[in-house]
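J.: What follows is a predicted structure for the sequence shown.
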Amino acid sequence: MIFNLKLLPDNYVICRIDPNKSIPEWVRGEFVSVTRTGDELSIVCPGRNVPDNVQSEVGWRCLRVAEKLDFSLVGVIAEITGTLADADISTFVVSTFDTDYLLLRELDLDCATAALVQAGHSVSN
């Protein structure tokens, strides 16, 4: 399978806050993900929004699979993350109803883009 990936413009942060807290008002942007479990409230959002006192991992970029993905497709994440794993690049994946998003460290962006293109995928801004 070959995919078209689009690089989102922002730098992203992955945050962890107390699971009993409300979703903060600073959680906004073109791409935001909020996941609540019994142990944490995990938030992905543009870094410019996140206060300094929030536990977070900074320096992430986001690639979106440009196509709307059918639920019957098998191996989408495996194909893309496998290519990146072969290049020794870790990912943080978020899936939505329509498509998948892959966050990778900004330091790995050039290498990740090269690996994906070499595997036949396209990456655009």
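T.: Structure received.
J.: most centrally placed residue in this protein?
T.: Centrality entry for the chain: nearest residue to the mean C-alpha point is residue 103, 2.8 Å, by C-alpha atoms, centre = their mean.
J.: doesn't residue 94 make contact with that residue?
T.: Yes - counting by C-beta atoms under 8 Å, residue 103 does reach residue 94; the two are 7.2 Å apart. For glycine as for every other residue, the C-beta is placed from the backbone atoms N, C-alpha and C.
J.: between those two, what contacts are shared?
T.: residue 44 (C-beta atoms under 8 Å, 6 or more residues apart in numbering).
J.: give the contact list for the residue nearest to the centre of the chain.
T.: 12, 14, 44, 60-63, 91-94.
J.: Please report the distance of it from residue 42.
T.: As for residue 103, its distance to residue 42 is 12 Å (criterion: C-beta to C-beta, to the nearest Å).
J.: Quickly list what's touching both of these two.
T.: Common neighbours of residue 103 and residue 42 (C-beta under 8 Å, 6+ apart) are residue 14.
J.: hmm, back to that, in ChimeraX, select just the buried ones from the contacts of residue 103.
T.: In ChimeraX, a selection of the buried entries from the contacts of residue 103 looks like this (16 or more other C-beta atoms under 10 Å):
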select :12,14,44,60,61,62,63,91,92,94
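J.: could I get the contacts of residue 103 as TSV with distance to residue 121 and secondary structure?
T.: Compiled in TSV, the contacts of residue 103 are given as follows (distance: C-beta to C-beta, whole Å; DSSP: H, G, I helix; E, B strand; the rest coil):
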residue	distance to residue 121	secondary structure
12	20	strand
14	23	strand
44	22	strand
60	19	strand
61	16	strand
62	15	strand
63	9	strand
91	14	coil
92	18	strand
93	15	strand
94	18	strand
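J.: and of the contacts of residue 103, the nearest to residue 118?
T.: Of all those, residue 118 sits closest to residue 63, with 15.2 Å by C-beta to C-beta.
J.: Excluding chain neighbours, what is closest to residue 26?
T.: residue 49 (4.4 Å; C-beta to C-beta, 6 or more residues apart in numbering).
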